[in-house]
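# Curious how this folds, go ahead:
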Amino acid sequence: MASGVESFSAQLARNVWGHRFMDGQKGPEYVLEFLNVLVGTHYDLNSDGYYRKKTANFRQFVFEGDKEGSKNDIVSLNGEQKEILYSLMENEKEKIDVVREFFRNLEVPLYDGRGKEANRSWYAKSLYPIHESLLFFELRKNKGSISFERNFFARGGELYFLMLSYGTQGNNELKESLESKIKYLLRKNKSIESITKKFTDALDPENSESEPAPLKYHETREYPQLPVKDHPLFPKFAEELNNLLNLNIDIYEMFKLLTSLVCFQLLRYMQEQVEQTGKSIFFIDCMDGQLKQIQQLSSESFIRNESNVKEKFENEFSSLFNKNLNNTEGSLSYWKENTDEFLKVFGLSSLQKARKNRVIKTLENCKDENDISTKLFSVVKEVVGDQLKKHQLSIVRGIVRDGGIGGYRAGSKYRYYMSDDFLKTVVFSNISPKQELEYSGFLDMLYEKYGFVIGEKQAKASGIYENSRLNISYFQKNENSLREKLRQNGLLIEFSDATAMIHNPFESIENEVLT
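The predicted structure follows:
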């Protein structure tokens, strides 16, 4: 379980974003988690709970020879499991190795902020969901016992499920369209289902839990929570996802686009929840850092949005501190005699020793009740503040990076940009198959819907042009660079210098799903 600053951070984040997002989560894991949840509900966005599969022995087979846990043990099959495999493949070891290699090649790669492969044990690894049978819930191995690891896995996926569930309330047509399209995507590869079922039936005959994990209010079990159910973004998320799923493309390409879309939607949600003055603005560097002035504007935009996160959590910290102070009957003398109780009430019991001692010493030096709400408040805020903000900012930076919405290079600051996958996602989630939109209208749509500032018109409307004091040609170059990137990705048709159309070249799967 989370401890120390992370424990305190979780209390604040629950009120701002929901319970809970983790800074260690990677973009693909949000998608995998959500798909696990939806499949576990039997594709029902109104479900109150979902079933989970362990499939532990099958995964041991697939990842045999990989790291197992923090002690760097190696996973290996036992004699009974090997006998089962030999009987399945008519005692031909070569066939077993071929099947294992096939599944190993489906592993979803995960990377950290430096581009290095994330360190995951076998029971925390995942395969591309080219069929629903390859969706696995993360496990935890402790002293030989294997159990579900919900503390880390599924939280973000559960919250995204709730966003879509709330976003489709009152729109049954959209709800059923989403459910049917995801079911079609995850069930159409029958050949994979056949071979996976053959192995999982043999290795994991008792595969699922008997009772569903809760998705909505439950009296005795922990369940995911969002601070708001009627957020205006949620219906938009459902519509965008439905549009993207309408494309007739293979699962590998779709998975990358889903990762970009889910990360982008989560980013918008998080920024909306902390925005104080209006809609969030994202100045997009479309020139790959080639123009220092454009790169700087994008970095400044990123910093402003991060500052909103910091400010919101500082305000939430103040509210939580004062709420705890007002809701308790302890006097100053009582708190001095019961410092452990004070730390527990204010969520500070698991702080590192040096930080905890500093809080205790300040409490002991308080002379009156006012000192608690001033001097002690300042110390507690300082002790947990930097780590608290770092924890939450890491969540945002992670989804920005993994969604292809932004990132940094050595020697530069974080900034917003568009990877090829993210650019495709924006087009496909807004323009229907075989449909077109004039380029200038596309830029207007990006600004009005998402707050994206790219070219001259958006820079003037947002005030960025006036504040930057740059020549208008910089914004024109940025706009032209995006136009070229769209053309290179086959998403733009030019009729003249003045006329260009954004188009979605894919066919729709609407008729296939209906049949």
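# any idea how far Leu139 is from Val31?
19 Å (C-beta to C-beta, to the nearest Å). To be clear about C-beta, it is placed using only N, CA and C from the backbone, and glycine gets the same treatment.
# Kindly apply the preceding question to Ser432 instead.
Applying C-beta to C-beta to Ser432 and Val31 gives a distance of 22 Å.
# Looking at these two, which is more packed in?
Val31 (26 against 15; other C-beta atoms under 10 Å).
# Where does that one fall, secondary structure wise?
Assigned by DSSP states H and E, Val31 falls within helix 27-40.
# counting contacts, what elements does that helix pack onto?
Under the contact definition 3 or more C-beta pairs under 8 Å, 6 or more residues apart in numbering; DSSP states H and E, helix 27-40 sits against strand 49-50, helix 155-167, helix 172-187, helix 251-274, helix 377-402.
# angle of it against helix 377-402?
With axes from the mean of the first three to the mean of the last three C-alpha atoms, to 10 degrees defining the directions, helix 27-40 sits at 80 degrees from helix 377-402.
# which stretches of the stretch 101-250 of the chain aren't confidently modelled?
143-144, 151-154, 207-208 (pLDDT under 70).
# Show me which residues of the lengthiest helix in the chain are buried.
Assignment by DSSP state H gives helix 292-326 as the longest helix of the chain. Across helix 292-326, burial judged by 16 or more other C-beta atoms under 10 Å covers 294-302, 305-306, 308-310, 312-313, 316-317, 320-321, 325.
# now the angle between helix 377-402 and that helix, please.
140 degrees.
# What's the first helix or strand after helix 292-326?
helix 332-337.
# And the contacts of that next one?
341-342, 363-364, 366, 368-369, 371-372 (C-beta atoms under 8 Å, 6 or more residues apart in numbering).
# at 7 Å what do you get?
342, 363-364, 366, 368-369, 372 (C-beta atoms under 7 Å, 6 or more residues apart in numbering).
# before we move on, what about stretch 278-292?
271-272, 294-295, 297-298, 301, 305, 409, 412, 415-418, 450-454, 462, 464, 474, 477-478, 481-482, 485.
# quick check: mean pLDDT across it?
Regarding stretch 278-292, the rounded mean pLDDT is 92.
# Same check on stretch 370-385?
Across stretch 370-385, the average pLDDT comes to 85.
# what do you get for stretch 330-339?
pLDDT averaged over stretch 330-339 gives 84.
# Kindly check the end-to-end length of it for me.
11 Å (C-alpha to C-alpha, to the nearest Å).
# Which parts of it count as buried, going by neighbours?
Under 16+ other C-beta under 10 Å, the buried positions of stretch 330-339 are 332, 335.
# Kindly report the same for stretch 346-357.
Buried residues in stretch 346-357, counted by 16+ other C-beta under 10 Å: 346-351, 355-356.
# Return the subset of those residues lying in strands.
Judged by DSSP state E, those include no members of strands.
# With pLDDT as new columns, can those be given to me in JSON lines?
Formatted as JSON lines, these follow (pLDDT from 0 to 100):
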{"residue": "Phe346", "pLDDT": "75"}
{"residue": "Gly347", "pLDDT": "72"}
{"residue": "Leu348", "pLDDT": "80"}
{"residue": "Ser349", "pLDDT": "80"}
{"residue": "Ser350", "pLDDT": "74"}
{"residue": "Leu351", "pLDDT": "77"}
{"residue": "Arg355", "pLDDT": "84"}
{"residue": "Lys356", "pLDDT": "87"}
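# still on that earlier bit, next, the angle from the helix holding Val31 to helix 155-167.
Using the same axes, to 10 degrees: helix 27-40 against helix 155-167 is 60 degrees.
# Show residues contacting helix 27-40.
Residues contacting helix 27-40 (C-beta under 7 Å, 6+ apart): 50-52, 108, 110, 126, 129, 132, 135, 137, 153-154, 156-158, 160-161, 182, 186, 255, 258-259, 262-263, 266, 399, 402-403.
# roughly how far out does that helix sit from the chain middle?
When distances are taken as C-alpha atoms, centre = their mean, to the nearest Å, helix 27-40 is centred 10 Å away from the chain's centroid.
# Name the residues of that helix that come out as buried.
Neighbour count says helix 27-40 has 27-40 buried, by 16+ other C-beta under 10 Å.
# Quickly compare the helices and strands packed on helix 27-40 and say which is most buried.
helix 155-167 (a mean of 23; mean count of other C-beta atoms under 10 Å).
# who touches it?
18, 20-22, 25, 30, 33-34, 36-38, 45-46, 178, 215, 224, 226, 229-230, 234-235, 237-238, 241, 262.
# Mind telling me what element Asp444 is part of?
helix 439-450.
# Might you report the residue contacts of the nearest residue to Leu244 once chain neighbours are set aside?
What sits nearest to Leu244 in space, not counting adjacent residues and going by C-beta to C-beta, 6 or more residues apart in numbering, is Ser429, at 4.7 Å. Ser429 makes contacts with 240, 243-244, 261, as judged by C-beta under 7 Å, 6+ apart.
# how much space between Ser429 and Gly278?
23 Å.
# Kindly list the main-chain dihedrals of Glu510?
phi -50, psi -50 (degrees, to the nearest 10).
# which residues sit in contact with the residue nearest to it when sequence neighbours are not counted?
Distance criterion C-beta to C-beta, 6+ apart; nearest residue to Glu510, sequence neighbours excluded, is Asn246 at 6.2 Å. Asn246 makes contact with 181, 433, 508-510, according to C-beta under 7 Å, 6+ apart.
# Also Pro212?
49-51.
# nearest to Lys116, of these?
The closest of those to Lys116 turns out to be Tyr50 (C-beta to C-beta; 32.7 Å).
# Spatially nearest residue to that closest one (excluding sequence neighbours)?
Here the residue nearest Tyr50, using C-beta to C-beta, 6+ apart, is Gly40, at 3.1 Å.
# Pull up the gap between that neighbour and Lys67, please.
For Gly40, the distance to Lys67 (C-beta to C-beta) stands at 27 Å.
# As a check, name the ranges of all helices in the stretch 351-500 of the chain.
Using DSSP state H, counting those that start in this stretch, the helices found in the stretch 351-500 of the chain span residues 353-365, 369-371, 377-402, 420-428, 439-450, 456-462, 464-468, 472-488.
# For Glu193, grab the count of nearby residues.
Glu193, neighbours per other C-beta under 10 Å, totals 17.
# what about it, helix or strand, and which?
Here Glu193 is assigned to helix 190-203, by DSSP H and E.
# Can you point out the buried residues in that helix?
Applying a neighbour-count criterion of 16+ other C-beta under 10 Å, one finds 192-193, 196, 199-200, 202-203 buried in helix 190-203.
# which of the residues you listed lies closest to His503?
For those, the residue nearest His503 by C-beta to C-beta is Ile192; the value is 32.4 Å.
# Hmm, the closest one is touching Pro129, no?
No - in this structure Ile192 lies outside contact range of Pro129 using C-beta atoms under 7 Å: 9.8 Å.
# Out of the contacts of stretch 278-292, which end up buried?
So, by 16+ other C-beta under 10 Å, the buried ones in these are 271, 294-295, 297-298, 301, 305, 415-418, 450-454, 462, 464, 474, 477-478, 481-482, 485.
# picking that back up, taking helix 472-488 as reference, get the angle to the helix holding Asp444.
Going by the same axes, to 10 degrees, helix 439-450 makes 100 degrees with helix 472-488.
# List of residues touching helix 439-450?
282, 430, 452-455, 457-458, 461, 479, 483, 492, 500-502.
# now stretch 56-76
Around stretch 56-76, the neighbours that count as contacts under C-beta under 7 Å, 6+ apart are 77, 81, 85, 100, 103-104, 121-123, 125, 136, 139, 141, 146, 199-200, 203-204.
# What average pLDDT does it get?
83.
# Any idea how far apart the tips of it sit?
Stretch 56-76 has an end-to-end distance of 12 Å (criterion: C-alpha to C-alpha).
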